[in-house]
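Novice: Model the following, please.
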Amino acid sequence: MRSELLWRRALQRSAEAELAGALVPLATELLELPQIGPFVLRRLLSATPKHLRQGGPKANPFLPWERALEVGRLGSGHVVLLNKYPVQPGHLLLITQDWQPQSGWIRPEDWQAVGHLARDTAGLWFFNSSAPAGASQPHRHLQLLPRRAGEASCPLAALCEAQLQQWQWQWQWPWAYRISRRHDPTGCSDLPDLYRHHAEQLGLGSPQHNSQPLHPYNLLFDDRWLLTVRRSREHCAGFSINALAFAGYLLATDKSDLSWLEQQGPWQLLQAVACPATG
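Specialist: Numbering: from 1, shown residues only. Next up, the predicted model:
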């Protein structure tokens, strides 16, 4: 059983940071559309935060990071921050203390930091490799949505599990992705090899031969599986799509075309922003 000390510290820090005005939780409402399940669709009621707006070059919010959002430091390499604009309380960011590009390869040191957090708190981890994959900042950051023991990590977790069973082809999606079962959920020693294996299979290249991945991608994982999706573009029908959409979470803004989503469905939305399957 994990101690969840990090999560408890994050929730305490969230209350302090919100009181100080450093944390800006986003107000949303749940939308019920026909045939949307198992996806969860929420509509943003707050003003659109900066990271979802179109614009030119942005200042790096992590150099320096806001001390009011700091939950803890992992040696001299990484720091754990609160997401400044959370939808879920306790949404965490694992960032590098020094500059590392989001568009570069996830390094062994990054995976070690993930393992340190995973020993304390379980949840849904995700990574957006670059702007076309939904990344809002160019500074290296992985994200964690904490979960209680026995709680599903995301709306599509059951379908991810099904693909790892003998009937996996029943659920195969028509885009370029790889999914693998994990065998070391708390130590995370399995993640670097799975990450490299998926990258090679999806044509993203490898750290040994390429200075950075050749294409944008999303990464998602929990205690049981790791999923990598190769991306083609970031927007469709006014929806900004990052890794969470491939976990089953959709966020509509005032620019989102809900009638398109109702007619086409969420699976078509994902297919429109992912690279097609190549067999």
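
Novice: From here on, just use CA atoms for contacts and neighbour counts.
Specialist: Fine.

Novice: where in the stretch 151-279 of the chain is pLDDT low?
Specialist: 166-171, 279 (pLDDT under 70).

Novice: check contacts around residue 42.
Specialist: By Cα atoms under 8 Å, 6 or more residues apart in numbering, the contact list for residue 42 reads 28-31, 250-252.

Novice: pLDDT score assigned to it?
Specialist: Listed pLDDT for residue 42 reads 97.

Novice: and the nearest residue to residue 198 once chain neighbours are set aside, what helix or strand is that in?
Specialist: Nearest non-adjacent residue to residue 198, counting by Cα to Cα, 6 or more residues apart in numbering: residue 178, 6.0 Å away. Using DSSP states H and E, the element containing residue 178 is strand 177-181.

Novice: Who are the packing partners of that strand?
Specialist: Where contact means 3 or more Cα pairs under 8 Å, 6 or more residues apart in numbering; DSSP states H and E, strand 177-181 is packed against helix 191-201, strand 225-230.

Novice: Buried deepest among those, which one?
Specialist: Most buried of the helices and strands packed on strand 177-181 by mean neighbour count (mean count of other Cα atoms under 10 Å) is strand 225-230; its value is a mean of 23.

Novice: Tell me, how many residues neighbour the closest residue in space to residue 40 that isn't next to it in sequence?
Specialist: In space, and not counting its chain neighbours, residue 40 is closest to residue 249: 5.1 Å by Cα to Cα, 6+ apart. The tally of other residues near residue 249 (other Cα atoms under 10 Å) stands at 19.

Novice: you'd agree residue 249 is up against residue 38?
Specialist: No: checked against Cα atoms under 8 Å, the pair residue 249 and residue 38 is beyond contact range at 9.3 Å.

Novice: which residues are common contacts for these two?
Specialist: Listed as contacting both residue 249 and residue 38 by Cα under 8 Å, 6+ apart are residue 155.

Novice: and the residue nearest in space to the middle of the chain, what element?
Specialist: The centroid of the chain falls nearest to residue 126 when counting by Cα atoms, centre = their mean (2.6 Å). Here residue 126 sits within strand 123-128, counting by DSSP H and E.

Novice: Sounds good, over and out.
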